[in-house]
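Peer 1: dropping the sequence and predicted coords here.
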Amino acid sequence: MMLRFRVLVRLKPGILDVQGAAVKRALDGLGFAGVNDLRIGKLVEVDVEAPDETVGRARVEEMCRKLLTNPILEDYAIELVGDLAGSRPGR
């Protein structure tokens, strides 16, 4: 079956988010006061062929450990979006 997973990657707490700080300053400059903190992350969608969710999630975990994330600086969360078998939903 074809499964779609989303991986949300974020800098670990305590790691300086330079991009987030720059965006926060820009928002302040545009008059969006009251933003206390802003962190930038990335979203990765992965379509995986796997017999079930457990195997698919394990494959995505391995992808995260080997390439998609930097384990020293980043944390990640994986969520199943859906089973794509039969038809591929529009984006």
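Peer 2: Thanks, I have it.

Peer 1: same question for stretch 38-50, mean pLDDT?
Peer 2: For stretch 38-50, mean pLDDT is 97.

Peer 1: relative to Ala50, how far out is Met1?
Peer 2: 7 Å (C-beta to C-beta, to the nearest Å). Quick note: C-beta positions are derived from backbone N, CA and C, even for glycine.

Peer 1: right, I mislabeled it, should have said Leu8
Peer 2: 20 Å.

Peer 1: residue ranges for the helices of this structure, please.
Peer 2: Per DSSP state H, the chain carries helices over the ranges 18-29, 53-63.

Peer 1: which stretches of the chain have low pLDDT?
Peer 2: For the chain, the stretches flagged by pLDDT under 70 are 86-91.

Peer 1: which residue lies farthest from the center of it?
Peer 2: Gly31 (28.6 Å; C-alpha atoms, centre = their mean).

Peer 1: spit out the contact partners of Lys42.
Peer 2: 8-9 (C-beta atoms under 8 Å, 6 or more residues apart in numbering).

Peer 1: ugh, wrong one, I meant Met1
Peer 2: 49-52, 83-85.

Peer 1: in strands, which of the residues you listed fall?
Peer 2: If you go by DSSP state E, the contacts of Met1 have 49, 83 in strands.

Peer 1: just give me the closest of the contacts of Met1 to Val23.
Peer 2: Leu84 (33.1 Å; C-beta to C-beta).

Peer 1: ok, the closest one to Glu74 distance?
Peer 2: Leu84 is 27 Å from Glu74, by C-beta to C-beta.

Peer 1: before we move on, what about Val44?
Peer 2: From Val44 to Glu74 the distance is 11 Å (C-beta to C-beta).

Peer 1: give the residues shared as contacts by these two.
Peer 2: Val9.

Peer 1: returning to what we had before: between the helices of the chain, which one is closest to Arg39.
Peer 2: The nearest among the helices of the chain, by C-beta to C-beta, is helix 18-29 at 4.6 Å.
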